[in-house]
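Student: Sequence isn't available, so here's the structure alone:
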C-alpha cells in the first residue's frame, strides 16, 4: 500500500510525484515553519518542474480547506460524541487540533494537489 509508485507514497513522503526519488521541499521537516513551503524548482532526478504554471499551488488552498474540515469534524465527533465533553470544550479541541495539524496540512495539501496532475513514471531515467 505504501510503496514506491503509489500516489499515497508520494503524498505522505512529499517526494517528486513523477519519479519519487527526491523530496520536493528544501527542508523535509514540516515543523521548521520558516521553511515550510520552500520547494526546489525542479526535481534533480527527473527534471519535473514543480510549479507547473504560474500560481499553480493556489489550487492547493481548496485541498487544504477540505483537509481542515475533515480534521475539525473528526475532532468534534471524538470530543463531543465519544468523550462526552461540553460544546465549548469540543470547539476548543477543534481549534487546538487545527493549530497542531497546520504544518502537516499545508504540505499534504500541496502534495495531494500536485499528485492530481502528475503521475508516477517507472521508466523515468536519471537525466
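Tutor: Happy to help now that I have it. Everything quoted here is computed from the prediction, not taken from an experiment.
Student: okay, CA-based contacts and neighbour counts for the rest of this
Tutor: Noted.
Student: which residues does the spatially most central residue of the chain contact?
Tutor: Central residue check for the chain by Cα atoms, centre = their mean: the C-alpha nearest the mean position is that of residue 108, 0.6 Å away. Under the criterion of Cα atoms under 8 Å, 6 or more residues apart in numbering, the neighbours of residue 108 are 11-12, 14, 64.
Student: Mind checking the pLDDT average for stretch 85-97?
Tutor: Per-region confidence: stretch 85-97 scores 95 on mean pLDDT.
Student: Tell me which residues of that stretch come out buried.
Tutor: Buried residues in stretch 85-97, defined by neighbour count with 16 or more other Cα atoms under 10 Å: 90-91, 93-95, 97.
Student: Of the contacts of residue 108, keep whichever come out buried.
Tutor: 11, 14, 64.
Student: Surely the second one touches residue 112?
Tutor: No. Taking Cα atoms under 8 Å as the contact criterion, residue 14 and residue 112 are not neighbours in contact, 9.3 Å apart.
Student: Which secondary structure state does residue 37 sit in?
Tutor: Taken by DSSP: H, G, I helix; E, B strand; the rest coil, the conformation at residue 37 corresponds to coil.
Student: right, and it touches residue 25 too?
Tutor: Yes. Taking contact to mean Cα under 8 Å, the distance of 7.2 Å between residue 37 and residue 25 places them in contact.
Student: What segments of the chain are helices?
Tutor: 7-13, 60-76, 87-117 (DSSP state H).
Student: how far off helix 60-76 does the longest one point, in degrees?
Tutor: If I follow you right, that is helix 87-117. Put simply, helix 87-117 runs at 140 degrees to helix 60-76, going by axes from the mean of the first three to the mean of the last three Cα atoms, to 10 degrees.
Student: Fine by me, we can end here.
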